[in-house]
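Novice: compute the structure for the input listed below.
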Amino acid sequence: MSVLAQITVGSLLLVVCTMIHLWVVYRVLALFRQRGPKIEATQPLVNFGWLCVAVLVPLFSHTLQVYLWSSALLHLGALRGYEASIYFVMVSYTTVGYGDITLDPGFRILGAMSSVTGILMFGITTAFLVALLGRGFAAR
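Specialist: Below is the predicted model:
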């Protein structure tokens with residue numbers, strides 16, 4: 001795959017993943033604005049439930065993005081088999097980078113772009129959770 005093709009495909013996947021993640025974060029924020037309670041010491045189970053929503057819904061978005069990248073690499077022939085593809089993307093997306101599975105030179109830029117996607121999406125999730133929790137606990 002040419003460098004230009006890798007940059008194009010990687011950029012499209014990055015944009016799609018960003019849009020998915022921003023939509024998920026936006027929806028969770030909207031839910032908290034409409035129905036989310038302030039953090040109250042008298043309602044620990046309710047607080048825990050809302051905290052689970054705040055963490056698990058973005059986690060689902062990360063998982064969806066890993067599957068999207070994995071499917072793209074599998075479809076392009078960069079890796080063989082779902083297990084290898086999902087494993088490689090999870091290692092790249094989280095920037096762990098074990099190096100036990102590598103891409104051929106014709107696909108390396110895509111591997112790097114999946115890492116960039118992970119860094120950006122984890123940054124958005126971190127900012128979202130810090131803002132949400134900071135606002136909730138500040139209201140105490």
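
Novice: and the contacts of stretch 52-66?
Specialist: 17, 20-21, 24-25, 27-28, 31-32, 86, 89-90, 93, 117-118, 121-122, 125, 128-129, 132-133 (C-beta atoms under 8 Å, 6 or more residues apart in numbering). Heads up, the C-betas are built off the backbone N, CA and C, glycines and all.

Novice: list buried residues within these.
Specialist: 17, 20-21, 24-25, 28, 32, 86, 89-90, 93, 117-118, 121-122, 125, 128-129, 132 (16 or more other C-beta atoms under 10 Å).

Novice: the contacts of stretch 52-66 in helices, which ones?
Specialist: Counting by DSSP state H, these place 17, 20-21, 24-25, 27-28, 31-32, 86, 89-90, 93, 117-118, 121-122, 125, 128-129, 132-133 in helices.

Novice: neighbours of Ala112, how many?
Specialist: 13 (other C-beta atoms under 10 Å).

Novice: residue contacts, it?
Specialist: If you count contacts by C-beta under 8 Å, 6+ apart, then Ala112 has Gly10, Ser92 around it.

Novice: now Phe32. Nearest residue, chain neighbours left out?
Specialist: Distances taken as C-beta to C-beta, 6 or more residues apart in numbering place Leu132 nearest to Phe32, at 6.6 Å, with adjacent residues excluded.

Novice: quick one: that neighbour from Gln34, how far?
Specialist: Taking C-beta to C-beta, to the nearest Å as the measure, Leu132 falls 14 Å from Gln34.

Novice: likewise Ile20?
Specialist: Distance from Ile20 to Gln34, by C-beta to C-beta: 21 Å.

Novice: one step back: wait, the residue nearest to Phe32 sits on Val25?
Specialist: No - look at Leu132 against Val25 with C-beta atoms under 8 Å: they stay out of range, at 9.5 Å.

Novice: just give me the residue right at the centre of the protein.
Specialist: By C-alpha atoms, centre = their mean, the mean C-alpha position of the chain lies nearest to His62, the distance being 2.8 Å.
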